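A.B. asks: Attaching a predicted model along with its sequence, questions to come.
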Number of protein chains: 2
Amino acid sequence: MAGRVFFSVSMSLDGYVAPEPVTTVDDIFAPENRDDPEVRRWMGQWMELQQWIFPLRFFRENLKFGPGGEEGVADDIARETFERTGASVMGRRMFDLGERSWPEEAPFHTPVFVVTHRGRDPWERPGGTTFHFVTDGIEAALDRAREAAGDRDVRLAGGGTTILRYVNAGLVDEFTVAVSPVLFGAGTRLFEGVDASRVALEPIRSEPSSRTTHLTYAVHRR
Amino acid sequence: MAGRVFFSVSMSLDGYVAPEPVTTVDDIFAPENRDDPEVRRWMGQWMELQQWIFPLRFFRENLKFGPGGEEGVADDIARETFERTGASVMGRRMFDLGERSWPEEAPFHTPVFVVTHRGRDPWERPGGTTFHFVTDGIEAALDRAREAAGDRDVRLAGGGTTILRYVNAGLVDEFTVAVSPVLFGAGTRLFEGVDASRVALEPIRSEPSSRTTHLTYAVHRR
C-alpha cells in the first residue's frame, strides 16, 4: 500500500502556525539582529507555540542534545511522526528560514522536496537529509516525495501557506494539530483561505499530553 | 467563595464560533426565509458546529424533547456547565437572534443579563429564565450577574464579540472550547482582536468525547 500524505503542526488556540513576520530586519537569525525587539517578539511567540516539543526525549535525541528528556504521550507522538516519514515536502520560505537555522545535521534524515521557482542543485547534509528543489509545482514535488518515501508516508513539513495549497488541491490524507495554550492575535493562520465548501474533516484521534492536545483528522472531499 | 466567570463555546478547528452572517435577509428565523440559500448555508454550518450537543441526554432533557439521548463525557460536561451556572450574560445581537428562536421556555432557567444600548423592562419566561437589559456597560452587567448567581458561576453566553470584550477587559477566569471537526473559512472568530500581549492561557483540562475535544483554560494576565 502506498504511503499517506500528512502534516503535523503546532497551532495556537486562535489558529496560527507562525507569529506575525518580523518587519524590522530581513534575517531574524542573524546574530546582529538578536536584540531587535521584533525578533525577540517573534522568537518568544514561536517558542511558546512549540513549547511542548523541546523537553521531549525524542527532540533531544534527534538533535543530538544528549540523553534525558521527557517520555510519554507527546514523546511517542513526536517519535511516531518522525518514523512514519519517508520524505518531506516544504515551501521555499520555510526552507529559506531553515537554511539559516537548522544545525549542520538537519533534523529530517530523509529526502526533502522544496517547492520553489528557483532551480538549484540538490543540497546534501550529513545524517541523510538531502534537499531537492522542484520547480514544476506542488503536484510534481509530491510525486517525487511519494516515490522517495516508498512504503512510508510523505510529510508536508510547512509552512502554512504551502500546506494549505495541498489541502485545497485535495492532496492531503490526514493531519495532526497540536493545539498550544497561547493566543497570537496575528501571524500566519493555518486555514486562512481554505476551500471550506470542499474540505470535510473526520476526527480520528484526540490525545491530550501534558502541555497540548494532539488532534488528528482524516481529510475528505465534500 | 465567590463564583467564577467563564464561557463555554463550540469552535470550528479554524477558530470560528459563528458562520458568516446571512446578507440576503434580515431574519434568518422567519419561516418565509427558510429556503433562502444563504439561510440554508448558515443553518447547515451552525448545525455542524454544534453537532456534538444535539444527541445528548442533557440537551433533550433541558429542551423537554423527551427521554433518551447519549450519556458519557460530552453529556457530563454539558450538564456540569448548566449546573454550575447561576446567571448568564449575553450580547444584544445574540439576544436578538435568540428571541426569535428560543422555545417559549428559554433554555437558561436563570437570570440572563443582556448588554445593550436600548433599555427595556425585564422579560420573564416560563421555567425560571428572566432577561434583564443592562445599558451601563459590560462591567455593570457582570456585577449584576455575579450578584444574581450567588455562590454559583457566571456564564458569558455569547456571542463571540461580547465574550472577547470580557476577555480583553481581564474579567474572565476560565473557559472551555469544544473544538468541532469542521472548517468555516469565514464567519465570527472567537479571538479576533484579542489583546494577545496581555492574555496568558493555562491549560486545565483536555477531554476528548466522541465528536469533539473539550479544551479548558484558566485565563491570566501576562
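C.D. replies: It's in.

A.B. asks: Look at the residue positioned nearest the centre of chain A and tell me its secondary structure.
C.D. replies: The geometric centre of chain A, computed from its C-alpha atoms, lies nearest to A:Ala157 (Cα atoms, centre = their mean), at 3.5 Å. Classification of A:Ala157 using DSSP: H, G, I helix; E, B strand; the rest coil returns strand.

A.B. asks: now it: how far from A:Arg221?
C.D. replies: As judged by Cβ to Cβ, to the nearest Å, A:Ala157 and A:Arg221 stand 24 Å apart. Using the backbone N, CA and C atoms, a C-beta is placed for each residue, glycine as well.

A.B. asks: A:Val182 and A:Trp52 touch, don't they?
C.D. replies: No: A:Val182 is beyond contact range of A:Trp52, at 10.7 Å (criterion: Cβ atoms under 8 Å).

A.B. asks: Helices of chain A, start to end?
C.D. replies: A:37-49, A:57-62, A:73-84, A:92-99, A:138-149, A:160-168 (DSSP state H).

A.B. asks: Does anything pack onto the longest one? Which helices or strands?
C.D. replies: Using 3 or more Cβ pairs under 8 Å, 6 or more residues apart in numbering or on different chains; DSSP states H and E as the contact definition, the elements that helix A:37-49 packs against are strand A:5-12, strand A:16-19.

A.B. asks: Now for A:Gly150, how many residues are close by?
C.D. replies: Look at A:Gly150: counted by other Cβ atoms under 10 Å in any protein chain shown, it has 10 neighbours.

A.B. asks: That one and A:Arg84 touch, don't they?
C.D. replies: No: under the criterion of Cβ under 8 Å, A:Gly150 makes no contact with A:Arg84, lying 11.9 Å away.

A.B. asks: Please enumerate the shared neighbours of the two.
C.D. replies: Counting by Cβ atoms under 8 Å, 6 or more residues apart in numbering or on different chains, no residue touches both A:Gly150 and A:Arg84.

A.B. asks: Of the helices and strands packed on helix A:37-49, which stretch is the most buried?
C.D. replies: strand A:16-19 (a mean of 25; mean count of other Cβ atoms under 10 Å in any protein chain shown).

A.B. asks: just checking, what packs against that strand?
C.D. replies: When contacts are defined as 3+ Cβ pairs under 8 Å, 6+ apart, strand A:16-19 sits against strand A:5-12, helix A:37-49, strand A:187-189.

A.B. asks: List the contacts of that strand.
C.D. replies: Contacts for strand A:16-19 (Cβ under 8 Å, 6+ apart): A:9-11, A:41-42, A:45-46, A:49, A:158-160, A:184, A:186-190.

A.B. asks: please redo it, this time with the cut-off set to 10 Å
C.D. replies: Applying Cβ atoms under 10 Å, 6 or more residues apart in numbering or on different chains, the contact partners of strand A:16-19 are A:7, A:9-12, A:38, A:41-49, A:93-94, A:97, A:158-161, A:163-164, A:177, A:180, A:182-192, B:15, B:191, B:196.

A.B. asks: what lines up beside that strand in the sheet?
C.D. replies: strand A:187-189 (antiparallel) (DSSP bridges).

A.B. asks: if I pick A:Gln51, what's in contact with it?
C.D. replies: Contacts of A:Gln51 by Cβ under 10 Å, 6+ apart are A:10, A:180-182, A:211-212.

A.B. asks: out of these, which is most surrounded?
C.D. replies: A:Thr212 (27 neighbours).

A.B. asks: List the residues that contact that one.
C.D. replies: Shown in contact with A:Thr212 (Cβ under 10 Å, 6+ apart): A:10-11, A:49-53, A:73-74, A:77, A:177-182, B:203, B:206, B:215.

A.B. asks: residue ranges with poor pLDDT in chain A?
C.D. replies: A:1-2 (pLDDT under 70).

A.B. asks: Let me see the contact set for A:Gly137.
C.D. replies: For A:Gly137, counting by Cβ under 10 Å, 6+ apart, the contacting residues are A:115, A:143, A:165, A:169.

A.B. asks: again, but for A:Val9
C.D. replies: So A:Val9 contacts A:17-18, A:49-50, A:156-160, A:163, A:175-178, A:190 (Cβ under 10 Å, 6+ apart).

A.B. asks: Tell me the one among these nearest to A:Phe65.
C.D. replies: When these are compared for distance to A:Phe65 (Cβ to Cβ), A:Gln50 comes out closest, at 14.7 Å.

A.B. asks: since we're on that closest one, how many residues are nearby?
C.D. replies: Neighbours of A:Gln50 (other Cβ under 10 Å): 15.

A.B. asks: gap between it and chain B?
C.D. replies: 15 Å (Cβ to the nearest Cβ, to the nearest Å).

A.B. asks: so what's the nearest residue to that residue once chain neighbours are set aside bridging to?
C.D. replies: What sits nearest to A:Gln50 in space, not counting adjacent residues and going by Cβ to Cβ, 6 or more residues apart in numbering or on different chains, is A:Ser10, at 5.4 Å. Beta-bridge partners for A:Ser10, by DSSP bridges, are A:Ala178.
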